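>>> quick check, what structure comes out for this input:
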Amino acid sequence: MAVDALDTRILRLLIERPRTSVREYARLLGIARGTLQARLDRLERDGVITGTGPFLSPAALGHPVLAFVHVEVTQGHLDEVGDALAGVPEIVEAFSITGGGDLLTRVVARDAGHLEDVIQRLIQLPGVVRTRTEVALRERVPHRLLPLVEAVGRAAGAPQESGTGAHSR
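Model prediction:
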């Protein structure tokens with residue numbers, strides 16, 4: 001799906017001002033509300049916009065420990081293990097990968113002991129051969145998409161505006 005200059009401006013506003021009304025977005029962009037709504041509908045339909053927030057902090061929910069757990073799976077059991085991972089609430093993301101392991105999970109925990117309990121639960125899942133865990137010490141680049149949106153916009157010929165920085169998700 002091609003994202004043009006107007007789409008890029010819309011996406012920038014959605015990222016920088018997520019709690020703004022559609023009417024206010026249209027005013028800020030200088031376009032009709034109907035035009036904006038049609039663009040938003042298309043961006044959602046095409047899978048560019050996949051959600052509307054809120055972004056939650058696992059640490060604020062009492063789970064400040066973040067680890068990446070590589071899971072090696074018995075050949076032919078990837079789907080079953082993937083389905084089982086969905087039943088572990090501390091797994092906030094899981095991906096099939098190439099390289100060292102079959103799955104990469106992002107796991108949150110209350111503390112080191114809780115992390116160990118989660119890993120032990122993973123090891124006991126049918127089809128799991130072994131795990132390898134890497135604990136994150138500090139977030140260096142928070143999840144963000146604004147730089148990507150800006151790069152897409154540059155490629156589409158969108159005019160660049162300075163961002164706020166604080167809400168560049």
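
>>> show me where the chain dips below the pLDDT cut-off.
1, 158-169 (pLDDT under 70).

>>> centroid-nearest residue for it?
Nearest residue to the geometric centre of the chain (Cα atoms, centre = their mean): residue 143, 6.9 Å.

>>> tell me how far that residue lies from residue 80.
Distance of residue 143 to residue 80, given as Cβ to Cβ, to the nearest Å: 29 Å. Any C-beta I mention is one placed from the backbone N, CA and C, and that applies to glycine too.

>>> residue 148 too?
Residue 148 sits 34 Å away from residue 80, going by Cβ to Cβ.

>>> who's more crowded, these two?
More neighbours surround residue 80 than the other of residue 148 and residue 80, with 15 against 10 (other Cβ atoms under 10 Å).

>>> tally of neighbours for residue 26?
The burial count for residue 26: 19, using other Cβ under 10 Å.

>>> can you give the domain ranges for this protein?
Here the domain assignment for the chain is 5-54+144-156, 65-135, based on automatic domain parsing.

>>> just give the nearest non-adjacent residue to the spatially most distant residue from the centre of the chain, would you?
The centre of the chain is farthest from one residue, residue 32, which by Cα atoms, centre = their mean lies 30.4 Å away. Distances taken as Cβ to Cβ, 6 or more residues apart in numbering place residue 26 nearest to residue 32, at 6.4 Å, with adjacent residues excluded.

>>> continuing past the helix or strand harbouring that neighbour, what's the next helix or strand?
Assessed by DSSP states H and E, residue 26 sits inside helix 22-29. Later in the chain than helix 22-29, the nearest helix or strand by DSSP H and E is helix 33-45.

>>> got the contact list for that next one?
Residues from elsewhere that reach helix 33-45, judged by Cβ atoms under 8 Å, 6 or more residues apart in numbering: 3, 6, 7, 10, 11, 22, 23, 25, 26, 29, 49.

>>> and the helices in the protein?
5-16, 22-29, 33-45, 78-85, 112-123, 146-156 (DSSP state H).
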